[in-house]
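# Sequence and predicted structure are below.
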Amino acid sequence: MNHLPQIAAMLRAQQAQALLLTNDAPESIQYATGFGGLEGMVLITAGGKGFVLTDSRYIEAAQARLTPLGFTVTLPKQGGPSASVLRTLLEEEHITRLAFLAQCMTVQAHQRLTAALPDCTLEPLGEGLTRLRQIKDQDETDSLRQAQRIAEEAFDALLGIIRPGMTEKELAALLEYEMARRGSERPSFDTILISGAKTSMPHGMPDEKPVAAGEFILVDFGAVVNGYHSDMTRTFALGSVTERMRTVYDTVLAAQKTGIRMLRAGVSCDQPHLAAHQIIRDAGFGECFGHALGHCVGLEIHESPALSPRGRQTLEAGMVITVEPGIYLPGEFGVRIEDLLLIRQDGAENLTHTPKELLIL
């Protein structure tokens, strides 16, 4: 799961000598090394060398896992990584220009490095690593598939447990437990499980409210495998629905299917959003859908690009992205339906297998 060769090739293409990754960018450290939760400094050279400076908490595991992959793993004598140790390493490797992730490094960390590395120029890398991370390879896709299967199996288990009178918090905890017992490292994010009028809040959080018959329940959740996040949303009802609830649900489902049909390599990221939003607007709910249609997913739950009216990047084969339109009626209810999709040259593979026709328990 490490990407040392790909990062080195990217550095050569950008005529950069080396890239420094620090604790400000834990997902990028995992992308580079395949080691989730590692703390320290990672230096990657354009020549394909990888150096890990860490401390006693991680040294044994890091040496066992990363040395066979070509990384030099070091526990500095001072007890951990520091700018002075990095300076010595840069001198040994004859590196005078050091790339860093400007979007991640704090101003304070940059100031400290600048002062500690007087003979080395710090250069922002730009979007090179971001672009690499956008296109998932087979191992990454396999992890996302596995995470999605875990989430779906846990959701199926929840559907067999849920009863009127159980609280949102109780149900959210049970869902996270079902994911954990199936192998999820952690939830992808704080699970959203809300019911009744609260479903009009796109990111409402579960509380002690009991779920009740005649209400929608909205569940937005995901599992994590090898650091990769799944993401899905389902809205279903207990007991019965009104015609208005059914109309809104059918509209959201039609919008989602429209957006999904437009996904393929080469499509501008604004087009699926605009097409899905048009379905919702034509049904009279145009002001009730205010967020982006979807976002890419990977080592972070929200990655770029996003399917939004401002999206100008084009989709590329290998991106994994959500499609999640919603209609939110304050004081009444809301509906969101979300699938996870892998972009192909001629379309998109839906990684989400859970049915999405209106479910009434």
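It's in.
# Using the three-state scheme, assign the closest residue to I161 other than its chain neighbours.
Distances taken as Cβ to Cβ, 6 or more residues apart in numbering put L174 closest to I161, at 6.1 Å, once the chain neighbours are dropped. For glycine as for every other residue, the C-beta is placed from the backbone atoms N, C-alpha and C. State at L174, reduced to three classes by DSSP: H, G, I helix; E, B strand; the rest coil: helix.
# pretty sure L174 contacts L158?
Yes. Using Cβ atoms under 8 Å, L174 is in contact with L158, at 6.1 Å.
# ok, the two, which is more surrounded?
Set side by side, L174 and L158 give different neighbour counts by other Cβ atoms under 10 Å, the larger being at L158 (22 against 17).
# so who does the more buried one touch?
L171, L174, L175, E178, V219 (Cβ atoms under 8 Å, 6 or more residues apart in numbering).
# residues of the host helix or strand of the first one that come out buried?
When secondary structure is defined using DSSP states H and E, the element that contains L171 is helix 168-181. Neighbour-count burial for helix 168-181, counted by 16 or more other Cβ atoms under 10 Å, picks out E168, E170, L171, A172, L174, L175, E176, E178, M179.
# what sits up against the helix or strand that comes right after that helix?
Per DSSP H and E, the first helix or strand lying C-terminal to helix 168-181 is strand 192-195. For strand 192-195, the surrounding residues in contact (Cβ under 8 Å, 6+ apart) are 168, 171-172, 175, 201, 203-206, 209, 211-212, 215-221, 233.
# Now, of these, which are buried?
By 16+ other Cβ under 10 Å, those give 168, 171-172, 175, 204, 206, 211, 215-221, 233 as buried.
# and of these, the nearest to L75?
Closest approach between the buried ones among the contacts of strand 192-195 and L75, by Cβ to Cβ: F221, at 38.6 Å.
# Straight-line length of stretch 71-86, end to end?
15 Å (Cα to Cα, to the nearest Å).
# quick check: angle from the lengthiest helix in the chain to helix 168-181?
If you go by DSSP state H, the chain has its longest helix at helix 138-159. Helix 138-159 and helix 168-181 are oriented at 140 degrees to each other (axes from the mean of the first three to the mean of the last three Cα atoms, to 10 degrees).
# where are the low-confidence patches of the stretch 101-250 of the chain?
Across the stretch 101-250 of the chain, nothing is flagged by pLDDT under 70.
# mind listing the helices in the stretch 151-300 of the chain by residue range?
For the stretch 151-300 of the chain, applying DSSP state H, counting those that start in this stretch gives helices covering 168-181, 243-261, 270-282.
# sorry, that was for the stretch 1-150 of the chain
Using DSSP H, counting those that start in this stretch, helices in the stretch 1-150 of the chain cover 4-13, 26-33, 59-66, 83-92, 107-116, 128-134, 138-159.
# just curious, which of the contacts of L158 is nearest to Q146?
Closest approach to Q146 among the contacts of L158 (Cβ to Cβ): E178, at 15.2 Å.
# any idea how far the closest one is from G160?
From E178 over to G160 the distance is 10 Å, taken as Cβ to Cβ, to the nearest Å.
# swap in H203?
Separation of H203 from G160 (Cβ to Cβ) stands at 27 Å.
# how close does E140 get to L342?
10 Å.
# contacting residues for the residue nearest to Q78 when sequence neighbours are not counted?
Closest residue in space to Q78, ignoring its immediate chain neighbours: V85 at 6.7 Å, by Cβ to Cβ, 6+ apart. By Cβ under 8 Å, 6+ apart, V85 lies in contact with L53, T74, P76, Q78.
# Since that was my last question, I'll sign off now.
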